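**Q** Got a sequence here, can you build the structure:
(2 chains)
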Amino acid sequence: MEQTLHVEAKDILKYAENFDQKIEEDKKIEPNEWMPEAYRKHLIRQMSQHAHSEVIGMQPEGNWLTRAPSLRAKQILLAKIQDEGGHGLYLYSACETLGISRDELIEQLHLGKAKYSSIFNYPTLNWADIGAIGWLVDGAAIVNQVSLQRTSYGPYSRAMVRICKEESFHQRQGYEIMATMMKGTKDQQEMAQDAMNRWWWPSLMMFGPHDSASPHSGDAFKWKIKRQSNDELRQKFIDKTIQQAEVIGLTVPDKDLKFNSETGHYEIGPINWDEFYSVINGNGFCNKKRLDHHKNAHEEGRWVRAAAEAYKNKHSKN
Amino acid sequence: MAIDTQLDLWEVFIQNKSGNNYIHAGSVHASDKKMALQNARDTYTRRSEGTSIWVVPSKEIVASDPNDEAMFFDPANDKIYRHPTFYVMPEGAKQI
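**A** Numbers count the residues shown, from 1 in each chain, chains lettered A, B, ... in the order given. Here you go, the predicted structure:
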C-alpha cells in the first residue's frame, strides 16, 4: 500500500499522544498510522515468531501423513496441515504491513534471529502424538490466539479472528484421536498415555515463562499487544484440558496436581524451565532438522520463483 | 541467476455471498494476475467463504492519511440535513 504518512520531527509529540489515546480507547492501530518504533519492533518480533511457528509446525505432522491409519484420518491431517500453512500466510502478510518484507522475515528465521515456538522441536514418534499435538498443542495455541483477537494492531487482530475460526477443528480432531485410542486396545491406551506424558509439560511451556520472569511483557501490556498474562492463559488451558483428560481416562503426568476448590482452579507442580530454555537455545531433539528442512525447501523452490518472475517479465513486455 | 524474490504483493477482496460487498481479507504474493487469484482462493477461501474474489496489486492502492482524518471527514459532521431524521413529518403522515 502506498504510504502517505510524512512525519515532521516537531510533530512527533502530537502523534505519540494520538497513539496513546487510541490505545487507551481500545481502538485498533492501522498500518499507515504513526506508531512508536518500539511498538513496531515488538510486533514484528511477535508476529513473525507466530508466523514461523505455523509454518514450522507443519513438519512434525507432515511426518505422519503417509502413515495415517485411515483415509479419513489422512484427509483430516492434510486439511489441518494446509490450514497451518494458510495461517502462516495470514500472519506473514499481516506482519509485512509493518514495513518488513517476506524475504527479510525468512532470512531472519534462517539466521536464527527470529524464533518459532519451541514445541515443534519435539519429535512425533507415533500416531498418538498427532492426537496429542492437535489436542494439547493446538489447544494451547487457541487459548493464546483467542486472547490475541483483542490485540491492538488491526491486521494482527483480524488475522487472529480468522485463525481462531479455523483452529477449533484442529483441537477437536486431536481430542478425537486421543478418545478413540483410549477406547481401543490396552496397547493403544498406553500409546495415548505415553503421548500425553511427553506433550503435557511442553504444552504448558508454550505460554512462556511465569509472569514474574517474563522479560517482554511490560510494554506489550501497556500497548495492549498482549491482553492476558502468560500465567492467566496457562491456567485457562490447564483447567479446560484436565477436565477433557478425565473424561477419556487419561492421567495428567503431574504428581503434585491438585484441585483448589476455593479458587475453582487446578494447581500444577513446578515446570522444568531448564528444559524450556535448553530447547529454545537449540538443544531440542529436532531444532536442526526443522530449520534445515525449511532452508532446503526454500532453496529447492528458488527456481520456481525465478521461473514465475521470468514468465511475468516476458508477458509484461508484449 | 535472477535475484531471488518472494514475488509481488496483492491485496485480496472477497465477496462471501452473491450481492454482498467485497471485503478486504488480507494479501498474497504472486507473480501475475492468474497466480494471485489462485493463491487468494487457496489462502482465503478454504471453507467456502467466497463466491467471488478481487485481487489488486498492493502498490496500486492509495490510502487516506490517518493524520488528515479530521480535515478529510469532518465536513460531513455539520450536514445533518443529509439524514432523514432531520426532517419533521406532519402529524398523521405515514412513512413511505
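**Q** Next one: the helix or strand of chain B with the lowest mean pLDDT, is it in contact with chain A?
**A** Counting by mean pLDDT, DSSP states H and E, chain B has its least confident helix or strand at helix B:69-73, which shows a mean of 83. No: residues of helix B:69-73 are not located near chain A by Cβ under 8 Å from any Cβ of the partner chain, the shortest gap being 9.6 Å. For every residue, glycine as well, the C-beta is placed using N, CA and C.
**Q** show me the contacts for residue B:51.
**A** B:15-18 (Cβ atoms under 8 Å, 6 or more residues apart in numbering or on different chains).
**Q** Can I get the helix or strand that contains residue A:16 in CSV, CA atoms only?
**A** Using DSSP states H and E, residue A:16 maps to helix A:12-24. The C-alpha trace of helix A:12-24 is given here as CSV (Å, rounded to 0.1, in the frame of the first residue of the first chain):
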residue,chain,number,x,y,z
ILE,A,12,6.2,13.6,16.9
LEU,A,13,4.9,14.5,20.3
LYS,A,14,1.4,15.1,18.9
TYR,A,15,1.4,11.8,17.1
ALA,A,16,2.6,10.0,20.2
GLU,A,17,-0.3,11.5,22.1
ASN,A,18,-2.7,10.4,19.5
PHE,A,19,-1.3,6.9,19.5
ASP,A,20,-1.5,6.6,23.3
GLN,A,21,-5.1,7.9,23.2
LYS,A,22,-6.1,5.4,20.6
ILE,A,23,-4.6,2.6,22.7
GLU,A,24,-6.4,3.9,25.8
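**Q** What is it packed up against?
**A** For helix A:12-24, not one helix or strand is in contact under the criterion 3 or more Cβ pairs under 8 Å, 6 or more residues apart in numbering or on different chains; DSSP states H and E.
**Q** quick one: contacts of it?
**A** A:7, A:28-29, A:33-36, A:39, A:152, A:222-224, B:67.
**Q** Would you check the residues you listed and say which has the weakest pLDDT?
**A** Among the contacts of helix A:12-24, residue A:7 carries the weakest pLDDT, at 66.
**Q** Residue 89 sits in which helix or strand?
**A** Reading this off chain A. Applying DSSP H and E as the criterion places residue A:89 in helix A:71-96.
**Q** which is the next helix or strand following that helix?
**A** helix A:102-110.
**Q** who are the neighbours in contact with whatever residue of the stretch 101-250 of chain A ends up closest to chain B?
**A** Closest residue of the stretch 101-250 of chain A to chain B, Cβ to the nearest Cβ: residue A:102 (3.9 Å). Contact analysis of residue A:102 by Cβ under 8 Å, 6+ apart lists A:92, A:96, B:6, B:29.
**Q** could the contacts of residue B:51 go into CSV alongside pLDDT, distance to residue A:109 and secondary structure?
**A** CSV is the format used below for these (pLDDT from 0 to 100; distance: Cβ to Cβ, whole Å; DSSP: H, G, I helix; E, B strand; the rest coil):
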residue, pLDDT, distance to residue A:109, secondary structure
B:15, 96, 35, strand
B:16, 93, 33, coil
B:17, 93, 38, coil
B:18, 92, 41, coil
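**Q** farthest-separated two in those residues?
**A** B:16 and B:18 (9.3 Å; Cβ to Cβ).
**Q** Which one's more surrounded, these two?
**A** Each of residue B:16 and residue B:18 had its neighbours counted (other Cβ atoms under 10 Å in any protein chain shown), and the higher figure belongs to residue B:16 (15 against 7).
**Q** does the more buried one really touch residue B:22, like I thought?
**A** No: in this structure residue B:16 lies outside contact range of residue B:22 using Cβ atoms under 8 Å: 9.1 Å.
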